[in-house]
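S.K.: What follows is a protein structure lacking sequence information:
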Ligand SMILES: Nc1ncnc2c1ncn2[C@@H]1O[C@H](COP(=O)(O)OP(=O)(O)O)[C@@H](O)[C@H]1O
């Protein structure tokens, strides 16, 4: 089971992600530099971690989405490999065209870091396979640009295609996202992007270990 | 009352560091645009407003920039366009 | 090679929500600017570039917008100015 | 020979904040000749209050700075304390008060950037940050603008850089109407055998410039930081520095990678008075001269003069003495991270600070004297008057109403609205977020953790500077012990008004005595700190504010305790005096 975590200049939850993944899957993931042109050949899943790649300058994730490694990430995603983007990683997936819509400034215009309640809406992604639809769990968010927007048509497609993976539950929407969207998948279900940080609730010293389920979901891939 | 569409351009003062422009210029080179020497990023504000006449509209816009839209410590602003709109 | 200064204006497409513009409009009302009906915020990019001629410069700038500077899913761009600079 | 570029006038000397005596002394150090304009700029930067501590040095020397675990006390970029297992915590607090009043977002952001650099220049990876903020009355016309800008700036820099903010203070009082206080704290973890200092060693070695390019930012900023404000403040604005947390994050990674290669002999961040202070410090500490060639300095603006380059406060820059055989390896690290790397000079055995620009020697100064012979004053002071006894004000209102009023008051209310704008969790090691007595961060896989708190109650210090300062130290100590930590050491940020007023100076002296007594009594050494004087506008000074930040150790982070009641029906005990 080999997971590749991509490191961009300005990524800052890369270590958090590497730690959480190593702990839950029992195997150290690859730490892949953005300027590389190919993923390690044994890669079975890809994770784009949180942070402020390129300072979030221009648009969040815009510059990282055009990094050399991304051509290979896009190819792998199109072949059906599981790809997870968390926070800045979600923004990068959107900028790379792997997921629809846009992530804009939080409606409050402020950065927000706190715990919110998430509800699982779909378990089609490999990363969500450890959850059951309707599960509600508490998870931290930490972002300034997590306000998911899309056109009414796009929203209808997301709903019709079962592409909404997680929503903010119980009025805890921290950023103004349309339809309380916290995370979405592509139509095929192999690419998942989400704003909240499951990697910060995975290790024994963290407030809960619910987030570890996302990475345990990958263990099936090894079989 | 007349109705106007205005465009305000806000740019960083000369010499003020522009990390955003710097990052964009670097990324453009990385994408193979070799002729790019520098990029400076600013803001554009398209404002729809009502005022009794052109001069008042301009004065209002300047006041909005001074008080809120521009950070005059590090930014300059300019009213780049002001056109009257016909209301339906 | 010729040297150019260009200004690109990037604005949100109609219908795309603009939290920053909305917040600015709200804040302006709060400050007593009653005539403000709406604010939409966009970006200005002032680019210095070298190219063989005007047409190439324009084509390069459009390509930069398509590939990086604008997110054409939600943004429109326009080359608002292109002037040749004399180098010292 | 030196280029006598511009004749020095009395007005220039005054504009550079030098007194007649200071100028005369400076001239005597250079053989009586007239300095060049660049030299005047250099000496004004070195000898202003901010860099030379000329009003406070005499008193700071009285503070207890040693202890069983102290590896490095005041004098370096940050203090270093042993936490066992071959690891050390590196920490410091620093003010960015004046810049934050002028441009709250950028002022606060660059304050955070500066303190983070102080920590990672020493080889430590930053693991926690705090911020102690003080503003004027909530309904003062400037307060809202300052609060929102400062809080956004602290968050904007720290969140993007990727350090969790785990504590701090926010307080409002009319005496800060004209001078807000922004004190930023950072702590990092280093290996005890991997600590880097600014002490240069070896003659003829390359002096290397690292990081971002130099612009005209903050030219004269260090001089400004030591000046009282008046209504001409608007004119001081164009010197504002803009922070670039992205570049700083790359600089952190590049520096730690570089240090691991063994290429670094000495390293110093360019803070106030940038290239000047860093070069002089490296040379003076190592008993070496420094030769700089300004034509090699990476600049982002054209036609910069030697004066501007020497005084620029552009952020995210470092100066290093390099092992020449590691040059290629070191440069590759910086290229990888997209940063500038340029050899700008060399160490010499002349003990002179020699600067060349466009083939002309623009400065030739005795390097040790620039630091060692900076003026030091024993400012006149009067002992504080003892406070009037409190009136016996028996409260006869409704206790519940009184409590609600206290809880709703800006100073008593929850600060959640502030700390929710900070990333308190990045790095995944935070055990206790803001909201309790102290923030707690795990620092190794075995579960060892550090606790952080910042405290002071300025109205106590105003009433009785000696007791007020003692109380601040005691509160820090209690907040650390309350989460289960063993207090290790403190850093302080002494914010006061104009030291040339004997009653302000008297308060400062008494506060230092109180601080020293409390720390000696508790065996709680002061390993780093910062002094910010002249916090005064149109003659109104701030409340005396000696902010104290403390660090404590928990051998097992899992055994920490929080402030929340765990379950119902438990006994509640009151302990203490
Ligand atoms: N600027 C700030 N940044 C981060 N945390 C803060 C800030 N201001 C206050 N806090 C946090 O809010 C809590 C309450 O602060 P304070 O009222 O100063 O409490 P106390 O007096 O008990 O130390 C503390 O946990 C403190 O760390």
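M.R.: That came through fine. Predicted, not measured: the structure shown is a model, and the values here were computed from it.
S.K.: for residue A:5, helix, strand, or coil?
M.R.: For residue A:5, the assignment made with DSSP: H, G, I helix; E, B strand; the rest coil gives strand.
S.K.: Any idea how many residues pack against it?
M.R.: Using other Cβ atoms under 10 Å in any protein chain shown, residue A:5 has 24 other residues around it. To be clear about C-beta, it is placed using only N, CA and C from the backbone, and glycine gets the same treatment.
S.K.: same question, residue D:89
M.R.: 28.
S.K.: Next: residue D:365.
M.R.: Counted with other Cβ under 10 Å, residue D:365 comes out at 23.
S.K.: so which strand or helix has it?
M.R.: strand D:360-366 (DSSP states H and E).
S.K.: same for that strand, what does it pack against?
M.R.: helix D:37-47, helix D:306-311, strand D:352-357 (3 or more Cβ pairs under 8 Å, 6 or more residues apart in numbering or on different chains; DSSP states H and E).
S.K.: could I get the ones you listed as TSV with mean neighbour count and mean pLDDT?
M.R.: TSV is the format used below for the helices and strands packed on strand D:360-366 (neighbours: other Cβ atoms under 10 Å in any protein chain shown; pLDDT from 0 to 100):
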stretch	mean neighbour count	mean pLDDT
helix D:37-47	25	92
helix D:306-311	25	92
strand D:352-357	22	96
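S.K.: of all those, which lies closest to chain A?
M.R.: Chain A sits nearest to helix D:306-311 of all these, at 25.3 Å, using Cβ to the nearest Cβ.
S.K.: from the middle of its chain, how far away would stretch D:14-23 be?
M.R.: 25 Å (Cα atoms, centre = their mean, to the nearest Å).
S.K.: Likewise for stretch D:262-272?
M.R.: On Cα atoms, centre = their mean, the centre of stretch D:262-272 falls 17 Å from that of its chain.
S.K.: ok, it near chain B or not?
M.R.: No. Residues of stretch D:262-272 are not located near chain B by Cβ under 8 Å from any Cβ of the partner chain, the shortest gap being 14.2 Å.
S.K.: What residues does chain B have near chain C?
M.R.: Residues of chain B lying near chain C (Cβ under 8 Å from any Cβ): B:1, B:3, B:9-11, B:21, B:24, B:27-28, B:31, B:33, B:35-51, B:57, B:60, B:63-64, B:67-69.
S.K.: Only whichever of the residues you listed are buried, select them in PyMOL.
M.R.: Buried residues among those (16 or more other Cβ atoms under 10 Å in any protein chain shown), as a PyMOL selection:
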select buried, chain B and resi 3+9+10+11+21+24+27+28+33+35+36+39+40+41+42+43+44+45+46+47+48+49+50+51+57+60+64+69
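S.K.: Return the subset of the residues of chain B next to chain C lying in strands.
M.R.: B:3, B:9-11, B:36-51 (DSSP state E).
S.K.: per-residue confidence at residue A:112?
M.R.: Listed pLDDT for residue A:112 reads 98.
S.K.: Residue D:227 too?
M.R.: For residue D:227, the model assigns a pLDDT of 51.
S.K.: check contacts around residue D:551.
M.R.: D:81, D:89, D:91, D:187, D:450-452, D:480, D:487-490 (Cβ atoms under 8 Å, 6 or more residues apart in numbering or on different chains).
S.K.: quick one: which of the residues you listed is nearest to residue D:306?
M.R.: residue D:91 (35.5 Å; Cβ to Cβ).
S.K.: Measure how buried the closest residue to the ligand within chain B is and give me the count.
M.R.: Chain B approaches the ligand most closely through residue B:71 (22.4 Å), counting by Cβ to the nearest ligand atom. Look at residue B:71: counted by other Cβ under 10 Å, it has 18 neighbours.
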